[in-house]
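> sharing a sequence plus its predicted fold:
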Amino acid sequence: MSDITLKVNGTCHKVPVEDQTLLLDALRGRVGITSVREGCGVGACGACTVLADGHSVSSCLAAAVRFDDVELTTADGLPEDDPVVSSFVDSNAMQCGYCIPGFVLMTKELLAENPAPTDEEIVSHLEGNICRCATYPEILKAVRLAAERNAG
């Protein structure tokens, strides 16, 4: 057991972890971040996505010790008026909402790398995220709207 510092949404948390503790478990069970969710447990659905220094990570696969002193962003850390968050809300891009934090963070990553993606680039970037409610057309609309809002 060792203590690491998880920098989550701008706040530092001293967290005791074992070498095999998953980042997902550290964030949910020890820090109390509920937007990071386990969906599949094998990194194939996107529900557990977090951003580590701006890059997406499947927290259900990653050892927490790898993220000592790394800046982590979760959907909980985004303000309601964030262009991506508000675009998802305004586009009704959710039904149950379970997958949305992962889609929002993947969209943040995409737009940071490519401010004006094509539909094909959006679909390609988000293909690792699964929405069981099948709101994919609204999610695509939300990403387009977020890109427009970021540009404007």
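Good, I have the coordinates. Numbers count the residues shown, from 1 in each chain.
> let me know the secondary structure of Ser56.
What DSSP: H, G, I helix; E, B strand; the rest coil gives for Ser56 is strand.
> next, count neighbours for it.
20 (other Cβ atoms under 10 Å). The C-beta positions use only the backbone N, C-alpha and C, and glycine is treated the same way.
> now swap in Asp69 and tell me
9.
> which ones are touching it?
Residues near Asp69 by Cβ atoms under 8 Å, 6 or more residues apart in numbering: 4-5, 7.
> PyMOL command to pick out the buried ones of these?
Filtering the contacts of Asp69 down to the buried ones (16 or more other Cβ atoms under 10 Å) takes a single PyMOL command:
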select buried, resi 4+7
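> which of the contacts of Asp69 sits closest to Arg28?
Nearest to Arg28 out of these is Ile4 (Cβ to Cβ; 15.5 Å).
> can I take it that that closest one is in a strand?
Yes. Ile4 sits within a strand when classified using three-state DSSP.
> now the host helix or strand of Lys7: average pLDDT?
In this structure, Lys7 sits in strand 2-8 according to DSSP states H and E. The average pLDDT within strand 2-8 is 97.
> what pairs with it, parallel or antiparallel?
Take DSSP bridges as the rule and strand 2-8 pairs in its sheet with strand 11-17 (antiparallel), strand 71-73 (parallel).
> can I get that strand in CSV, CA atoms only?
Extracted in CSV, the C-alpha atoms of strand 2-8 (Å, rounded to 0.1, in the frame of the first residue of the first chain):
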residue,chain,number,x,y,z
SER,A,2,1.3,3.4,-0.9
ASP,A,3,-0.1,6.9,-1.0
ILE,A,4,-0.4,8.8,-4.3
THR,A,5,-1.7,12.2,-5.1
LEU,A,6,-4.5,12.3,-7.6
LYS,A,7,-5.0,15.7,-9.0
VAL,A,8,-8.7,15.6,-10.0
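> right, I'll call it a day here.
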